[in-house]
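Student: Just the structure for this:
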Amino acid sequence: MPSEGEQDRQASESSDEGDTFACGTPEDSDIYRVGLWHEGSRVRVAFVDAFPAPPQLYDNTWIISITDLDGVPLNDAGVEVLPSMPIHGHKGSVPSEVRSMEQPGQYQLDPVYLAMAGLWAVELRITETDALAHDTVTFTFCIEP
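Tutor: Numbering: from 1, shown residues only. This next block holds a predicted model:
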């Protein structure tokens, strides 16, 4: 019969395996914070705010800033929001509306709909105003049940 400490370790491993199945490893996801950013080959996208924060199940509203790599805000950029669950192999089903904010280079994405618990990758496809230049940035979050 396993000792009490061994039982605790086994219970912990079982719980960790469930988390691993739902979200991969901790390195697979971002930890939300204001200012969290990712760069593509042409743009940097950063979180200005999120409601709720950190992102949770169902409707989320994200406010992001988009700049070029020199920090110049990109106004009038096209933003396509493409959530997916890489572990399950399916895409999100609710389209996001993207609105330019008053602050240069800021955009509101609403809703960013995350329909179930697990690992979500939210790809943002950014098209600059000349419509020829584009880039992709992806934020990945583990959404708790």
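Student: looking at the chain, which helix or strand does the model trust least?
Tutor: helix 4-23 (a mean of 44; mean pLDDT, DSSP states H and E).
Student: next structured bit after it?
Tutor: strand 37-39 (DSSP states H and E).
Student: Could you list the paired strands of that following strand along with their orientation?
Tutor: strand 43-51 (antiparallel) (DSSP bridges).
Student: Send me the helix or strand following the partner strand as PDB with only the CA atoms.
Tutor: Counting by DSSP H and E, the next helix or strand C-terminal to strand 43-51 is strand 61-68. Output of strand 61-68 as PDB, limited to C-alpha atoms (Å, rounded to 0.1, in the frame of the first residue of the first chain):
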ATOM      1  CA  THR A  61     -13.200  41.800 -25.000                       C
ATOM      2  CA  TRP A  62      -9.600  42.600 -25.800                       C
ATOM      3  CA  ILE A  63      -8.000  46.000 -26.400                       C
ATOM      4  CA  ILE A  64      -4.700  45.800 -28.200                       C
ATOM      5  CA  SER A  65      -2.200  48.200 -29.700                       C
ATOM      6  CA  ILE A  66      -0.500  47.500 -33.000                       C
ATOM      7  CA  THR A  67       2.700  49.200 -33.900                       C
ATOM      8  CA  ASP A  68       5.400  48.700 -36.500                       C
END
